[in-house]
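K.L.:
Here you go, sequence then predicted model.
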Amino acid sequence: MFPLLLAAVYTHQFTRVILLPGFPAVDSFLDFVLPASLVQSVSFGATEAGTELARDIENGFFDRLRASPCMRLPLLLGRLGGAVVVAAVKGVLIIAIFLLFGAEIAGGPAAAVVLVVAAVLLVIAIGGLGQMLAIFTGSQEAVNATFPLVFTSIFMSSAFFPTNLMSGWFREVAEANPVTWIIDPVRRLILEGWSWADVGQALVVPLVISVATVTMAVVALNRKLSSS
Amino acid sequence: MSAVTVDHSTDLRFAGMVASAICGRGMRRIVARPTLIMPVLLMPLIFVVSFTGAFGSLTRVEGYGTDNVFNWMAVYAAMQGAVFAGVGGASTTAEDIENGFFDRLLLTPGSRVPILVGTMAYSALRSTIPTTGVLLVSALGGLRLPGGPLALVTVYVATAGMASAFCLLGLAVVYRFRTMRSMILIQVCGFSLMFLSTGQVPLHFMNGWLHTVARVNPVTNVLRFARQGFLGDLTWSMTWPGLVALGAMVAVAGSLAAHQLRRLAA
Amino acid sequence: MTDNVVIEASGLKRTFGEVVAVEEIDLSVARGEVFGFLGPNGAGKSTTVRMLTTLLRPTGGTARIDGHDVEKSAAAVRRIIGVALQDASIDPLMTGNELMRLQAVLHGISRSESRNRGAELLERVGLAGAAGRRVATYSGGMRRRLDLALSLVHEPSILFLDEPSAGLDPTSRLALWEEVRRLNSELGTTVFLTTQYLEEADELAGRIAIIDHGRLVREGSPADLKSTVGSPTLRVDVDPVFLESARSVLIGFGPERPAFEGRCAIGLDGGAARVAEVVRALDVAGVTVSHLELDLPSLDDVFADATGRRLEGAEK
């Protein structure tokens, strides 16, 4: 709900803003803000998998795991499964609602699918990060801190405003922010149309991040289990 | 043991002492554990940095009202922080109810209203911490004061008022439901109310339903009042609607909270 | 009602939605008494205390504290009662002194007066040295004693203690009991305490009410209550060769009760007064006694008799 409110408010606030020189050519801010709402909406709840794992760890998860050796990767990925399904449903819903309110996706239905897949990959990336923190710290509180982190990094990206209209250090931060690397190609698919290069970037960036965070989570888990 | 003389003849003085003791207790807790205030301080700081950074070029749109984005966003971030600080103040009561400390307060033979007033005063007082933080960060970003030092006074008045109103609203909910969880509801409500105002862009930038909603939103009046000194000179015509809006919000939330407090013993 | 009754409840009832927490409670406590309110978890003890201390409105019935109705004259009631509630509701971020000051303000005591009074009370409960420290650093026993000191700041004539020693180690428990006894004997404070420890009720209370499922099931002094359960148990250890002759003597004094091997036990009719008589009879029969003990019925027996259940954790 909340990301939709944000999108609705910005769309009605920024009718003049989109006329700024340098702003991408859009009919409505609604088109521009679609990727932001998508990313924001799926990342709410993405940290849940990590929080759950931390709760299990507080309740002696490691000990049970040591007692019964099994594959660790599926164990972690399995916990992300629920979040992935929720993210996919949310993604489809958000896009449907935006289309209903008059947004247009220039890249067509295939681009919409790419959007959802990118969002799902991002959720795995965030979930993996949460799990990694859960394994390292073993505390729910620490994992809960990923939520404001994710929230802030969405705001400090090109999600709500193009980076070329930012200035100073904030622009540098936003341009270096992986969220921007995902948002920008996704947005080009919506505003400009299908392009294999953009599809590639939109999928590879979150894929690389999720592989990285999940791998780190598995490594952390192995190290934790062998260390004590 | 010495005899204790309990003087209830000066009820108002007694009430004042209770309220200030409760307010003082809250502040002492912050001194005892400064991390308690960190979220309340950090949230508006992230806001002021994000909004000025992301939407810096808004100043290039014709009619924005200022050529320095900090002059527009600082007040908005400070007000968001105040709402957060106010709801947080009510959360202290939720915590007290959950762990039983609140019973100690309820056992005062005097009126219970000072408990409510003291908690509100604590919220208003602690809102000065995020407000000061936002103003300092904005000063680094180049905040200017065309309205003079009085501009700062209006920000502190507005944030203290917002914190009070949202603390009272939070208390009404806490007294009713007695749980910490219910606070999230008020937080979302406050956040949305801020969002549906002239927080980020002037009223004439908006169109459709948002224009209507933002116009009737009392927060818009408060923002105008608090922001006037950052956009130009202070005028009475910008001042009184803001003060009325603040007064009305505090009065409505206060009577809701007082009503729930009376029912609390049931 | 006489002037001497300071806590009086009649038909007191409290429901939470469908759940009946307190069904019907009638009780009266005289000035200067230590009254024990005994019952298992969830029996309705705390709910009753919350009603008597004006924190909870009764669904039915009335309660008066020193003549003041808990609903109509709640402020007057709060002025004369001291309350130490369960879970030692103390803010860990405050110091003993700060809490004392707050408590004094809540009861309308002036700053100058509260300073002396607070110091005196903290001294009394042995916390003078820790008064400047945050409660977070206190042990469980220290917190309970602080809670007790706080509840005394306005010199209440009636003190309510809800499970005062729950979760305390034996030493802290003894210290707390000692303090409660002192309050009662030195200042004449009426004490109403709830507990699920039979031992505690036995040690402190002059009169006990047992509550179960929101109803009073027994009431009286610990001795009276125990005597209603029946005679004390007399156990005699003898050399195996004397066992049969010992038994034939003993069953003349009361019904036989289960005993370990090599030991004989009876319910002694007439109680402790007849022990000497038993010893003489055994002597006459030529039985050499190696050990003899008389066990009075415990409150646990009373509780079991009243409810058909044993209290959890009642074993020593």
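P.N.:
Cool, the structure landed.

K.L.:
tell me which parts of chain C are close to chain B?
P.N.:
Residues of chain C lying close to chain B (C-beta under 8 Å from any C-beta of the partner chain) are C:53-57, C:74-76, C:78-79, C:81, C:83, C:85-87, C:89-91, C:93-94, C:98, C:101-103, C:105-110, C:113, C:116-117, C:120, C:134, C:150, C:153-155, C:187. To be clear about C-beta, it is placed using only N, CA and C from the backbone, and glycine gets the same treatment.

K.L.:
Chain neighbours aside, what residue packs nearest to residue A:153?
P.N.:
Nearest residue to residue A:153 in three dimensions, chain neighbours excluded: residue A:179, at 5.3 Å (C-beta to C-beta, 6 or more residues apart in numbering or on different chains).

K.L.:
Summarise which helices and strands whichever strand or helix holds the one you found is packed against.
P.N.:
Here residue A:179 is covered by helix A:178-191, with elements defined by DSSP states H and E. Contact here means 3 or more C-beta pairs under 8 Å, 6 or more residues apart in numbering or on different chains; DSSP states H and E; on that basis helix A:178-191 packs against helix A:29-43, helix A:108-137, helix A:146-155, helix A:196-227.

K.L.:
And the buried ones among the residues of chain C next to chain B, selectable in PyMOL?
P.N.:
Selection of the buried residues among those in PyMOL, burial being defined by 16 or more other C-beta atoms under 10 Å in any protein chain shown:
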select buried, chain C and resi 53+54+55+56+74+76+78+79+81+83+85+86+89+90+91+93+94+98+101+102+103+105+106+107+108+109+113+117+134+150+153+154+155
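
K.L.:
among the residues of chain C next to chain B, which are in strands?
P.N.:
Judged by DSSP state E, strands contain the following of those: C:81, C:83.

K.L.:
any idea how far the most centrally placed residue in chain C lies from residue C:304?
P.N.:
The residue lying closest to the centre of chain C (C-alpha atoms, centre = their mean) is residue C:201, at 2.8 Å. Residue C:201 is 15 Å from residue C:304, where distance means C-beta to C-beta, to the nearest Å.

K.L.:
can you check residue A:83 too?
P.N.:
For residue A:83, the distance to residue C:304 - C-beta to C-beta - is 54 Å.

K.L.:
how many other residues sit next to the residue of the stretch 51-200 of chain B found nearest chain A?
P.N.:
When scored by C-beta to the nearest C-beta, the stretch 51-200 of chain B has residue B:53 as its residue closest to chain A, at 3.1 Å. By the criterion of other C-beta atoms under 10 Å in any protein chain shown, residue B:53 has 22 neighbours.

K.L.:
pLDDT wise, what is it at?
P.N.:
Note on residue B:53: pLDDT of 84.

K.L.:
In this model residue C:188 seems to touch residue C:33, though I could be wrong.
P.N.:
No - with contacts counted by C-beta atoms under 8 Å, residue C:33 stays clear of residue C:188, the gap being 10.1 Å.

K.L.:
Looking at those two, which one has more neighbours?
P.N.:
The neighbour count for residue C:33 versus residue C:188, taken as other C-beta under 10 Å, is higher for residue C:33 (20 against 10).

K.L.:
can you pull the pLDDT of the more buried one?
P.N.:
On the pLDDT scale, residue C:33 gets 93.

K.L.:
who touches it in this structure?
P.N.:
C:190-191, C:206-207 (C-beta atoms under 8 Å, 6 or more residues apart in numbering or on different chains).

K.L.:
And residue B:221, how far from chain A?
P.N.:
18 Å (C-beta to the nearest C-beta, to the nearest Å).

K.L.:
Quick one: distance of stretch A:218-228 to the chain centre.
P.N.:
27 Å (C-alpha atoms, centre = their mean, to the nearest Å).

K.L.:
Which pLDDT value goes with residue 19?
P.N.:
Let's take chain A. For residue A:19, the predicted pLDDT is 77.

K.L.:
think we crossed wires, I meant chain C
P.N.:
89.

K.L.:
Excluding chain neighbours, what is closest to residue B:170?
P.N.:
residue B:90 is the one closest to residue B:170 (C-beta to C-beta, 6+ apart), at 2.7 Å.

K.L.:
Quick one: list the elements packing against the helix or strand containing the one you found.
P.N.:
Using DSSP H and E, residue B:90 sits within helix B:69-99. Helix B:69-99 sits against helix B:11-32, helix B:38-54, helix B:101-106, helix B:113-140, helix B:150-177, helix B:182-195, helix B:218-231, with contacts defined as 3+ C-beta pairs under 8 Å, 6+ apart.

K.L.:
Okay then, goodbye and thanks.
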